[in-house]
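Q: quick one, fold the following:
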Amino acid sequence: MALSIGRTSSPAITAIGIVVALVAIIGTRYLGWEWSSGQLVPMLIGVAAAVIAVVVVLTHRG
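A: Modelled structure (predicted):
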């Protein structure tokens, strides 16, 4: 998949992004998760997503 900045992204990274988005939507809509309420599961998902994003950015730097 071509990004607007001219780089290509891995299908695995795209899949991870889709899964994280689906978990966020399902958790918020059906499980009553509130991302700033101090609940453990949403916080852990957010931290994991942030760590993965940093690792991806650092490993794809040229």
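
Q: all helices of this structure, in order?
A: Ranges of helices within the chain are 11-30, 40-59, based on DSSP state H.

Q: what helices or strands is the last one leaning on?
A: When you say that, I think you mean helix 40-59. helix 11-30 (3 or more CB pairs under 8 Å, 6 or more residues apart in numbering; DSSP states H and E). Every C-beta, even on glycine, is put in place using the N, C-alpha and C of the backbone.

Q: thinking again about what came up before, in TSV, list the helices of the chain along with mean neighbour count and mean pLDDT.
A: Below are the helices of the chain laid out as TSV (neighbours: other CB atoms under 10 Å; pLDDT from 0 to 100):
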stretch	mean neighbour count	mean pLDDT
helix 11-30	12	81
helix 40-59	12	80
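
Q: using PDB, write out every CA atom in stretch 44-59.
A: Only the C-alpha atoms of stretch 44-59 are listed here, as PDB (Å, rounded to 0.1, in the frame of the first residue of the first chain):
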ATOM      1  CA  LEU A  44      -2.500  -1.500  28.200                       C
ATOM      2  CA  ILE A  45      -3.800  -1.500  24.600                       C
ATOM      3  CA  GLY A  46      -2.900   2.100  24.200                       C
ATOM      4  CA  VAL A  47       0.600   1.700  25.600                       C
ATOM      5  CA  ALA A  48       1.100  -1.400  23.400                       C
ATOM      6  CA  ALA A  49       0.000   0.500  20.300                       C
ATOM      7  CA  ALA A  50       2.300   3.400  21.100                       C
ATOM      8  CA  VAL A  51       5.300   1.100  21.700                       C
ATOM      9  CA  ILE A  52       4.600  -0.700  18.400                       C
ATOM     10  CA  ALA A  53       4.300   2.700  16.600                       C
ATOM     11  CA  VAL A  54       7.600   3.900  17.900                       C
ATOM     12  CA  VAL A  55       9.400   0.600  17.000                       C
ATOM     13  CA  VAL A  56       8.000   0.800  13.500                       C
ATOM     14  CA  VAL A  57       9.000   4.400  13.000                       C
ATOM     15  CA  LEU A  58      12.500   3.700  14.400                       C
ATOM     16  CA  THR A  59      13.100   0.600  12.300                       C
END
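
Q: okay then, goodbye and thanks.
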